[in-house]
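Q: 3D, please:
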Amino acid sequence: LHELAENRFASVELYKKNANLCGELNIDKIKDTANLKDISAGDRVKAERKFQPPFYFNPFAKPIFSGNELPQIDDKTDAWTDRLVIMDFTAQFIGAEQNHNLKNELTSSEELSGIFNLAMEALERLLDGEGFETRTLEDRRAEYNLHSNSAMSFMASELELSLNSETLKSEIFENYLSYC
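A: Numbering: from 1, shown residues only. As a prediction, the model looks like this:
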């Protein structure tokens, strides 16, 4: 994600690709999302390899990223957040719950057939208009903004508005630093 936003040579890697996969997002702040918006919309983008002339193409690679935390992004416009589908995977498999043979078990002919059947049922529900997401776009946008901004997250989870009490700014700031 950061490479596509900040490295002028990165978009060439999407040329004629079906997917753009990333196993772990960098949580550093992204300041400019213009290139990311062009890529996600399939708009014409400039691509270049070092020491070669640039060319233009319309990317169709589906961006799929995972991470333990969302990166901070300055762009809070609908044009950016409307493009996001955030899926929470909250289950953790630790110790005895881990199945180190899961890959072999899931790639047997019988299991692959069952997974395919489940995928076809899900596709049918999707085509019937049920969609992927049960949360509203506004809920997902608010959640993204909350998780991608440490100050907003701190205020939402740690501060309580009270008209009858006072707290020093320095105390709030110290608590914020500890929170982060």
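Q: Poorly predicted segments of this protein, please.
A: 130-135, 137 (pLDDT under 70).
Q: Tell me where it has strands.
A: Here the chain has its strands, by DSSP state E, at 19-22, 45-47, 55-57, 62-65.
Q: For the ones you listed, please prepare CSV with the additional fields mean neighbour count and distance to residue 148.
A: Heads up, the C-betas are built off the backbone N, CA and C, glycines and all. Listed next are the strands of the chain as CSV, based on neighbours: other C-beta atoms under 10 Å; distance: least, C-beta to C-beta, whole Å:
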stretch, mean neighbour count, distance to residue 148
strand 19-22, 14, 16
strand 45-47, 17, 24
strand 55-57, 12, 29
strand 62-65, 13, 13
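Q: now the ones you listed in JSON lines, with distance to residue 93?
A: Shown next, in JSON lines, are these (distance: least, C-beta to C-beta, whole Å):
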{"stretch": "strand 19-22", "distance to residue 93": "21"}
{"stretch": "strand 45-47", "distance to residue 93": "39"}
{"stretch": "strand 55-57", "distance to residue 93": "40"}
{"stretch": "strand 62-65", "distance to residue 93": "21"}
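Q: and residue 112, which of those strands is closest to it?
A: strand 19-22 (19.3 Å; C-beta to C-beta).
Q: now for the closest one, which elements pack on it?
A: In terms of contacts (3 or more C-beta pairs under 8 Å, 6 or more residues apart in numbering; DSSP states H and E), strand 19-22 is packed against strand 62-65.
Q: which residues touch the strand it packs on?
A: For strand 62-65, the external contacting residues (C-beta atoms under 8 Å, 6 or more residues apart in numbering) are 1, 18-22, 25, 39-40.
Q: Let's have these in CSV, adding distance to residue 146.
A: Shown next, in CSV, are the contacts of strand 62-65 (distance: C-beta to C-beta, whole Å):
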residue, distance to residue 146
1, 19
18, 32
19, 28
20, 26
21, 26
22, 22
25, 17
39, 25
40, 22
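Q: Please tell me how far the longest helix anywhere in the chain is from the chain's geometric centre.
A: Longest helix of the chain, by residue count under DSSP state H: helix 109-127. Put simply, helix 109-127 sits 24 Å off its chain's centre (C-alpha atoms, centre = their mean, to the nearest Å).
Q: what's the answer for stretch 166-180, then?
A: 29 Å.
Q: Relative to residue 70, how far out is residue 25?
A: Distance of residue 25 to residue 70, computed by C-beta to C-beta, to the nearest Å: 7 Å.
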